[in-house]
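1. prediction below, plus the sequence it came from.
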Amino acid sequence: MNNILSKLRSADDLRGMQLDELKQIASEIREVLCNLVSTRTAHFASNLGVVELCIALHSIYDFRHDRLIWDTGHQIYPHKLVTGRYNDFGSMRTKGGLMGFPNPNESPYDLFMTGHAGSSISTILGLKSGDDINGQADRRSVAVIGDGAFPSGIVYEALNNVGGLQKPVLIILNDNKMSICPRVGAVGGYLDRLRSNPFYSGLKDEVVKLLNRMPVFGDPAERFLAQLKEAVKAGLHGGMLFEELGLRYIGPIDGHDLGVLRKYIRMVENSDEPVLLHVVTEKGHGYKPAEEDPVFFHTPPRIVNDEDGPLPVAKASTPAYTNFARDAIYACMKEDGRVTVLTAAMCQGTKLEPIREDYPDRFFDTGICEGHSVAFAAGQAKAGMRPIVNIYSTFLQRSFDQIFQEVALQNLPVTFAVDRAGLTGPEGPTHHGMFDLAYMRIFPNMVVMAPGDSHDVSEMIRFATEYPGPCSLRYPKSTAETIQAREIEGGRDPIELGCAETLREGDDGTIICCGTQLSECLRAAERLAADGLEVAVVNARFVKPLDRETILEALQTSPFVLTVEEAALAGGFGAAVLELATDEAISTQHVSRLGVLDRFIEHAERAELLAELGLDAIGIVRACKTAAQRAESFGA
């Protein structure tokens, strides 16, 4: 029973509560979070880890007036529970319900729809700068950023700017020794050294008070004391990296002790200089299975409890496209010692753990540093390797300039295995992979592929690692389907540069499918045939270069042509077909396109979104019938 949490009208109520009441709310929030993951998959361990931090912040600040940015945003659930959304919390990550990330459309407490790591310090500095210019200097600004996001390059660009401007922003480093997977890199080691400081509490507080009373300027004796102060701070206080960048470093402190948290936040809430408060938390805190395995419990499947403890609800036994991609990468690495694989803190999501274990010398997790990953891969390619960059579509966008400068411009053989392309379901607009076709196909030298099924995924990865230039292939977050071999000429066509594959013949129209909606297109063709409409189905395979011969034939001979893609229509495959038709002076009045229109897509189950966008078999049937009627009106 949530005796206090359910009665909160807004976060205002927290500011009048006693410490025992706030601790009770923390316990109730954890109960609500556990109840949520018993009904659906959701971000879990990260939210358990920030419960006390969230309560402490809202019990001191008024974030309808003051400013708060949660970096990445997947740890937003406690914040939503205390800011008036308790009654709607059961709708989390469902169609029309609460988003699993901050959403300004839901609440004035949410300022940015954050879903990518590293930008919070930049945006909070911009907010503070804008507020000062607008004469609202009393608005205090807080950014909460995790240690997993901290190695991102934009973080250090922002820290450099913060230190230079000396705006009084509070940066809370939420240090739980994790990204989604265990973090990597030297920054994590530095934070480990700060955390293991023997002066973790007690004595250090008194030393800091003493040091802060020491003078910094004056006669030689005072200058000596100032030098001594800095030396002692380096030895006892830690955090000199941040101090040298112009921030006041305080910590580390226990992020699950509400009393300590509130004490330190009050200490710095009205500081006239930028402060970095180092808070140590535990991912999954308060739920033992999540504490012991925070990687699995980052976004676990639905969890049920029985007498043996929490058990994940079994998923479908059919492997996902990610599994087929991983297995193909593994096979290429086994056969060719030049093949490497790079990922950006997504080893678990891309299912690369077996490769990490079996080929540690050729597996590279760069942390949340996508631009660096791509430039790193370019260097490997220049040295004679065949690197595969395995990153989600939505995150690969962060490396746009490196794809251009370091890979495409140099015409280097880097393979981009673009996971989570298309609709990612409940993750929502921050994570849908809508734009990779458009942003990849604009680069000279780049080969862009879209496998139609699991067979294509495997074969395209092999093709890409043997191709002498850069290649990209995309696949969705979904259960894989495999199209059965055609009963003509021995089965499926091999993967050849710029060649499509015709899977079904038909004289009444042509569906050209770009990507894994191929099975839906074939199902749609069967339904249309039952209604007396025989349509051809083409597996495009290549977005760049297009199969000019196959597509031009369809444009010139079919009563209608329908392109289908699980991607943005602007700049996508259908746009490429229209460009080809224009270049060849072919009328396009009989061409229709199915895909994602010029808008961001909200969160829902993937099947719900596909149906809404007309990208399932029913929608494709409907589009074909409409196209056929239009063709008749044109006199085709």
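-> Happy to help now that I have it. Numbering: from 1, shown residues only.
2. which helices and strands sit right next to the host helix or strand of residue 549?
-> Element membership of residue 549 [criterion: DSSP states H and E] is helix 548-557. Other elements packing on helix 548-557 under the criterion 3 or more CB pairs under 8 Å, 6 or more residues apart in numbering; DSSP states H and E are strand 509-514, strand 535-539, helix 573-583. Backbone N, C-alpha and C define where each C-beta goes, glycine included.
3. which of those sits most buried?
-> When you average the neighbours per residue for each of the helices and strands packed on helix 548-557 (mean count of other CB atoms under 10 Å), strand 509-514 leads with a mean of 30.
4. neighbouring strands - and their directions - for it?
-> Paired strands of strand 509-514, with direction, are strand 535-539 (parallel), strand 561-568 (parallel) (DSSP bridges).
5. in CSV, list the helices and strands packed on helix 548-557 along with mean pLDDT and distance to residue 370.
-> What follows is the helices and strands packed on helix 548-557, written out as CSV (pLDDT from 0 to 100; distance: least, CB to CB, whole Å):
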stretch, mean pLDDT, distance to residue 370
strand 509-514, 98, 24
strand 535-539, 97, 30
helix 573-583, 97, 24
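6. can you redo the ones you listed as CSV with distance to residue 49?
-> As requested, the helices and strands packed on helix 548-557 are exported to CSV (distance: least, CB to CB, whole Å):
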stretch, distance to residue 49
strand 509-514, 41
strand 535-539, 45
helix 573-583, 41
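7. what's the closest of these to residue 12?
-> Checking those against residue 12 by CB to CB gives helix 573-583 as the closest, at 49.7 Å.
8. which other helices and strands contact the very next helix or strand once past the closest one?
-> Downstream of helix 573-583, the first helix or strand assigned by DSSP H and E is strand 591-596. Applying 3+ CB pairs under 8 Å, 6+ apart, one finds that strand 591-596 makes contact with strand 561-568, helix 573-583, helix 617-633.
9. export those to a markdown table and append columns for distance to residue 420.
-> A markdown table is the format used below for the helices and strands packed on strand 591-596 (distance: least, CB to CB, whole Å):
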| stretch | distance to residue 420 |
| --- | --- |
| strand 561-568 | 11 |
| helix 573-583 | 18 |
| helix 617-633 | 22 |
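10. which parts of the helix holding residue 549 are buried?
-> Going by neighbour count (16 or more other CB atoms under 10 Å), the buried part of helix 548-557 is 550, 551, 552, 554, 555.
11. gap between residue 401 and residue 378?
-> Noted for residue 401: a distance of 12 Å to residue 378, by CB to CB, to the nearest Å.
12. I meant residue 164, not that one.
-> 31 Å.
13. neighbour count: these two, which is higher?
-> residue 378 (24 against 10; other CB atoms under 10 Å).
14. the more buried one touches residue 409, doesn't it?
-> No. At 9.6 Å, residue 378 does not count as touching residue 409 under the criterion of CB atoms under 8 Å.
15. so the residue nearest to residue 72 when sequence neighbours are not counted: helix, strand or coil?
-> Of all residues not flanking residue 72 in the chain, residue 117 sits nearest, at 4.5 Å (CB to CB, 6 or more residues apart in numbering). Using DSSP: H, G, I helix; E, B strand; the rest coil, the structure places residue 117 in coil.
16. per-residue pLDDT, residue 117?
-> pLDDT recorded at residue 117 is 88.
17. in contact with it, which residues?
-> Contact analysis of residue 117 by CB atoms under 8 Å, 6 or more residues apart in numbering lists 71, 72, 146, 148, 149, 152, 368.
18. OK, contacts around the nearest residue to residue 593 once chain neighbours are set aside?
-> Excluding the flanking residues, the one nearest residue 593 by CB to CB, 6+ apart is residue 574, at 3.5 Å. When contacts are counted by CB under 8 Å, 6+ apart, residue 574 is found next to 514, 563, 565, 591, 593, 594, 595.
19. what's the closest of these to residue 439?
-> Closest to residue 439 out of these is residue 565 (14.2 Å), distances taken as CB to CB.
20. break this protein into its domains for me.
-> In terms of domains, the chain is parsed into 5-197+238-292, 321-474, 501-633 (source: automatic domain parsing).
21. mind checking the end-to-end distance for the longest one?
-> Looking back up the chat, that one is domain 5-197+238-292. 27 Å (CA to CA, to the nearest Å).
22. relative to the whole chain's centre, how far out is it?
-> Chain-centre distance of domain 5-197+238-292: 18 Å, with CA atoms, centre = their mean, to the nearest Å.
23. next: the last one.
-> Mean-position distance between domain 501-633 and its chain equals 29 Å (CA atoms, centre = their mean).
24. could you list the low-pLDDT ranges of the stretch 251-400 of the chain?
-> Applying pLDDT under 70 to the stretch 251-400 of the chain flags the ranges 295, 298-299, 303-317.
25. mind listing the helices for it?
-> 258-268, 288-292, 321-335, 353-358, 370-382, 393-396, 400-402 (DSSP state H, counting those that start in this stretch).
26. re earlier: from residue 68, how far out is the residue nearest to residue 593?
-> Applying CB to CB, the value for residue 574 to residue 68 is 41 Å.
27. how near is residue 558 to residue 534?
-> Noted for residue 558: a distance of 11 Å to residue 534, by CB to CB.
28. so for the two, which sits in the more crowded spot?
-> Set residue 558 next to residue 534 and count neighbours by other CB under 10 Å: residue 558 wins out with 23 against 14.
29. wouldn't that one be in contact with residue 590 here?
-> Yes. Assessed by CB under 8 Å, residue 558 is found in contact with residue 590 at 7.5 Å.
30. hmm, back to that, which single one of the contacts of residue 117 is nearest to residue 259?
-> Distance ranking of the contacts of residue 117 against residue 259, using CB to CB, places residue 146 first at 22.9 Å.
31. tell me the spacing between the closest one and residue 428.
-> Relative to residue 428, residue 146 is positioned 20 Å away (CB to CB).
32. more neighbours: those two, which one.
-> Between residue 146 and residue 428, counting by other CB under 10 Å, residue 146 is the more crowded of the two (28 against 22).
33. what segments of the stretch 301-450 of the chain are strands?
-> Taking DSSP state E, counting those that start in this stretch as the test, the strands found in the stretch 301-450 of the chain are 303-306, 309-312, 339-343, 363-365, 386-392, 415-419, 447-449.
34. tell me which of the ones you listed lies nearest to residue 259.
-> The closest of the strands of the stretch 301-450 of the chain to residue 259 is strand 309-312. By CB to CB, the value is 30.2 Å.
35. so who does residue 74 touch?
-> 43, 46, 47, 100, 101, 115.
36. neighbours around residue 327, how many?
-> Residue 327 has 18 neighbours, counted by other CB under 10 Å.
37. start to end distance for stretch 406-426?
-> Across its full length, stretch 406-426 reaches 34 Å end to end, with CA to CA as the criterion.
38. mind checking how far it is from the chain centre?
-> Chain-centre distance of stretch 406-426: 14 Å, with CA atoms, centre = their mean.
39. where in the protein is pLDDT low?
-> 1-2, 178-239, 295, 298-299, 303-317, 485-490, 635-636.
40. follow-up on the earlier one: turn the strands paired with strand 509-514 into a markdown table, columns for distance to residue 387.
-> Formatted as a markdown table, those follow (distance: least, CB to CB, whole Å):
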| stretch | distance to residue 387 |
| --- | --- |
| strand 535-539 | 27 |
| strand 561-568 | 25 |
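41. out of the ones you listed, the one nearest residue 297 is which?
-> Nearest to residue 297, of the strands paired with strand 509-514 and by CB to CB, is strand 561-568 at 29.3 Å.
42. mind listing what's buried in stretch 429-448?
-> 429-441, 443, 446-448.
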